[in-house]
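Visitor: Give me a 3D structure for the following:
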Amino acid sequence: MKRQSSLLLFAVAALLISAAMKKGPSGPGKYAESITANDLRQHLTILASDDFEGRETGEPGQKMAADYISSFFNRIGIPAQKDGTWFQQVNLLKISGGTSSMQVADVNKPGMEILFQPQTDYYYASSNPGVAITTSELYFAGYGIDDPRYSDYAEHDSAFFFGKVLIILDGEPANNGIFTISGDAKPGKWTKQRRAKIEAAKAHHVRALFIIPLDYAKSKEMSQHMIEGYSLIPDEPQTAAEEILPVFYLSEAATNTILATSDEKQTVADLKSAINTSGKPVSLSVKSTVSITVTRKEEKVATENVLGYIEGSDLKDELIVITAHYDHLGKHDGVVYNGADDDGSGTVGVMELAEAFMKAKQDGNGPRRSMLFMTVTGEEKGLLGSSWYTNHPVYPLEKTMCDLNIDMIGRVDQEHAGDSNYVYVIGSAMISPDLKKSIESANKKFCSLKLDYRFDDPNDPNMFYYRSDHYNFAKHGIPVAFFFNGVHADYHKETDEVSKINFNLMQKRARLVFYAAWNLANRNKTLARKAVNK
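Guide: Numbering: from 1, shown residues only. Coordinates of the predicted model:
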């Protein structure tokens with residue numbers, strides 16, 4: 001009896017141990033506590049220092065940052081990738097400098113041509129390597145909005161707009177402070193994001209777009225880094241859907257010169273008033289021939305995503321990706337844009353998460369699923385590093401369970417000035433409600449942060465869902481969550497410095513991402529997915 005009892009107890013113990021192994025490792029608190037405000041401060045003080053010259057993509061400071069991150073991965077025991085490095089090479093084109101010209105002629109008055117002056121009458125801030133357009137297909141299309149509640153395109157089918165150059169107003173129609181589309185005093189995405197208008201024009205196969213800014217001088221100033229600096233586009237053929245639409249910005253005076261060639265001879269102010277008062281679209285054909293030439297210099301730029309891969313145990317074929325972009329705006333006119341919050345904070349957060357998971361693995365408590373800790377390049381140039389990865393994945397996308405993206409977690413925005421115990425979470429339920437539940441479970445058990453979902457909407461006017469690296473994973477149907485502290489007065493300015501970071505709050509937010517990742521890495525089932533809204 002005793003022998004049988006002992007054997008029975010042994011068998012039961014073996015089963016319990018086996019079940020525990022299948023269920024996954026326990027005790028994440030020990031590893032979360034290794035993510036400290038002091039360690040975050042030490043890393044960020046280095047990465048966001050003037051020595052790294054703002055970490056601009058393709059520049060020496062970005063290379064220094066890549067070396068710093070990869071050296072850290074090596075030091076904590078994360079092995080190099082299949083090619084013997086921690087880098088994924090990203091090949092881009094640098095589009096810089098060049099010249100532009102714009103000439104307008106009234107088709108009814110041959111020989112009377114007007115040469116517009118760059119910067120004074122118009123500016124060009126797109127990343128096309130070159131543009132050469134001569135056309136008489138000019139059309140004023142109101143505000144350039146295509147919305148179920150108001151559309152400047154609805155009067156015609158898409159064939160009508162094919163190949164035309166459209167002139168549109170910035171913003172959206174409003175009368176006495178009430179916006180036509182929303183029906184209240186709050187402007188929508190058509191005011192806050194020109195991208196929406198550009199995408200609408202592309203969908204109607206427009207050849208080029210002229211936008212009349214609400215404040216030309218201010219708009220030009222904010223776009224100066226695109227005009228005088230450079231943009232980057234992938235060094236690979238683009239599909240028609242990905243082609244970059246040439247976009248020019250016209251002063252109101254220059255636009256009035258063009259509109260004077262229409263039969264109606266209305267001004268910008270006349271047209272805007274007619275639309276705003278009636279709440280209905282107004283359009284007209286313009287009888288001008290416009291000739292536009294833009295030449296720019298192209299050169300290849302080699303840059304790098306930095307990858308730290310930790311192999312899982314029984315579910316190692318499945319992958320969880322944790323991302324942050326380590327590039328920033330660089331150095332301009334002798335001023336360094338250090339980007340301590342954007343996104344030095346996310347970068348060092350990813351580094352600390354990688355170390356915590358590596359410590360767990362070294363203790364025999366490693367994750368069931370594999371983990372990829374990736375700091376990406378080129379985010380500030382158009383999410384290019386993450387776009388490159390999802391188009392050239394090192395690990396199969398079909399085996400990637402989710403991406404947790406950390407972009408700006410070290411500050412407090414104006415909305416939370418009185419209560420800093422928060423973090424914005426964006427996109428967590430858009431593809432998989434399970435992901436949102438897992439994050440909320442981790443937060444409730446370990447962190448007690450306020451999870452603010454006010455931007456968790458693809459139609460939010462700020463369009464944050466589309467503005468960081470998680471979006472390139474979402475486009476491929478991969479569940480995503482974006483952790484974010486919101487914008488602040490130092491966003492994209494030289495004043496985004498380490499001295500303004502709240503490291504205790506940053507520690508708490510980073511630990512939330514760790515606990516969420518721990519839950520996801522060790523759950524029994526993969527995340528259920530719903531249809532993707534691209």
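
Visitor: Where is the longest strand in this protein?
Guide: For the chain, the longest strand by residue count, based on DSSP state E, is strand 288-310.

Visitor: So which other helices or strands are in contact with it?
Guide: helix 60-75, strand 87-106, strand 130-135, helix 346-362, strand 369-376, helix 384-391 (3 or more CB pairs under 8 Å, 6 or more residues apart in numbering; DSSP states H and E). Where you see a C-beta, it was placed from the backbone N, CA and C, and this is true even at glycine.

Visitor: After that strand, heading C-terminal, what element do we hit next?
Guide: Downstream of strand 288-310, the first helix or strand assigned by DSSP states H and E is strand 315-325.

Visitor: Packing partners of that next one?
Guide: Using 3+ CB pairs under 8 Å, 6+ apart: strand 315-325 touches helix 346-362, strand 369-376, helix 384-391, strand 400-406, helix 503-522.

Visitor: Flag the shaky bits of the protein, pLDDT-wise.
Guide: Filtered on pLDDT under 70, the chain yields the residue ranges 1-26, 111, 225-230, 238-243, 531-534.

Visitor: 50 instead, please
Guide: 1-24, 240-241, 532-534 (pLDDT under 50).

Visitor: got TSV for the helices and strands packed on strand 315-325, with mean neighbour count and distance to R149 too?
Guide: Shown next, in TSV, are these (neighbours: other CB atoms under 10 Å; distance: least, CB to CB, whole Å):
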stretch	mean neighbour count	distance to R149
helix 346-362	25	36
strand 369-376	27	37
helix 384-391	23	32
strand 400-406	27	32
helix 503-522	24	37
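
Visitor: could you dump the helices and strands packed on strand 288-310 to CSV with distance to V282?
Guide: Listed next are these as CSV, based on distance: least, CB to CB, whole Å:
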stretch, distance to V282
helix 60-75, 47
strand 87-106, 21
strand 130-135, 22
helix 346-362, 45
strand 369-376, 44
helix 384-391, 38
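
Visitor: Quick one, which of the ones you listed gets closest to N421.
Guide: helix 346-362 (17.3 Å; CB to CB).

Visitor: That closest one - contacts with which helices or strands?
Guide: Helix 346-362 packs on helix 29-32, helix 37-47, helix 60-75, strand 288-310, strand 315-325, strand 369-376, strand 400-406, helix 503-522, going by 3+ CB pairs under 8 Å, 6+ apart.

Visitor: go with 6 Å
Guide: helix 29-32, helix 37-47, strand 288-310, strand 315-325, strand 369-376, helix 503-522 (3 or more CB pairs under 6 Å, 6 or more residues apart in numbering; DSSP states H and E).

Visitor: now the angle from it to strand 369-376?
Guide: 150 degrees (axes from the mean of the first three to the mean of the last three CA atoms, to 10 degrees).

Visitor: What distance do you get for P234 to Y389?
Guide: 12 Å (CB to CB, to the nearest Å).

Visitor: Count the residues that sit near V487.
Guide: For V487, the neighbour count with other CB atoms under 10 Å is 16.

Visitor: Tell me which helix or strand it sits in.
Guide: Judged by DSSP H and E, V487 forms part of no helix or strand.

Visitor: now it, nearest residue through space, not along the chain?
Guide: Spatial nearest neighbour of V487, chain neighbours left out: D413 (6.3 Å); criterion: CB to CB, 6 or more residues apart in numbering.

Visitor: Would you mind confirming that that neighbour makes contact with H488?
Guide: Yes: taking contacts as CB atoms under 6 Å, D413 lies within contact range of H488: 5.3 Å.

Visitor: quick one: contacts for the closest residue to R296 other than its chain neighbours?
Guide: Leaving aside its sequence neighbours, R296 sits nearest to G98 (CB to CB, 6+ apart; 3.5 Å). When contacts are counted by CB atoms under 6 Å, 6 or more residues apart in numbering, G98 touches 295-297.

Visitor: quick one: which of those is most hemmed in?
Guide: Busiest of these [other CB under 10 Å] is R296, holding 20 neighbours.

Visitor: measure that one to S126 for me?
Guide: From R296 to S126 the distance is 10 Å (CB to CB).

Visitor: what's the answer for V394, then?
Guide: V394 is 31 Å from S126, by CB to CB.

Visitor: Would you mind telling me which of the two has more residues around it?
Guide: S126 (19 against 15).

Visitor: before we move on, back to that, report the buried residues of the longest strand of the chain.
Guide: By neighbour count with 16 or more other CB atoms under 10 Å, strand 288-310 contains the buried residues 288-290, 292, 294, 296, 301, 303-310.

Visitor: For that strand, which strands pair with it and how are they oriented?
Guide: According to DSSP bridges, strand 288-310 forms sheet pairs with strand 87-106 (antiparallel), strand 130-135 (antiparallel), strand 369-376 (antiparallel).

Visitor: Between helix 384-391 and that strand, find me the angle.
Guide: Going by the same axes, to 10 degrees, strand 288-310 makes 70 degrees with helix 384-391.

Visitor: How far off centre is strand 288-310?
Guide: Between the centre of strand 288-310 and the centre of its host chain there is 17 Å, according to CA atoms, centre = their mean, to the nearest Å.

Visitor: Just the CA trace of that strand, in CSV.
Guide: Extracted in CSV, the C-alpha atoms of strand 288-310 (Å, rounded to 0.1, in the frame of the first residue of the first chain):
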residue,chain,number,x,y,z
SER,A,288,-5.5,77.8,-67.2
THR,A,289,-2.6,75.8,-68.4
VAL,A,290,-0.1,75.1,-65.6
SER,A,291,3.4,73.8,-66.1
ILE,A,292,5.2,72.4,-63.1
THR,A,293,8.7,71.1,-62.8
VAL,A,294,10.4,69.7,-59.7
THR,A,295,13.9,68.2,-59.8
ARG,A,296,15.5,66.6,-56.8
LYS,A,297,18.7,64.8,-55.9
GLU,A,298,18.5,61.1,-55.1
GLU,A,299,21.0,59.1,-53.2
LYS,A,300,20.8,55.7,-51.5
VAL,A,301,20.8,55.6,-47.7
ALA,A,302,21.6,52.5,-45.7
THR,A,303,20.0,52.4,-42.3
GLU,A,304,19.1,49.7,-39.7
ASN,A,305,16.4,48.2,-37.6
VAL,A,306,17.9,46.7,-34.5
LEU,A,307,16.5,43.3,-33.5
GLY,A,308,16.8,41.4,-30.2
TYR,A,309,15.2,37.9,-30.5
ILE,A,310,14.5,35.7,-27.6
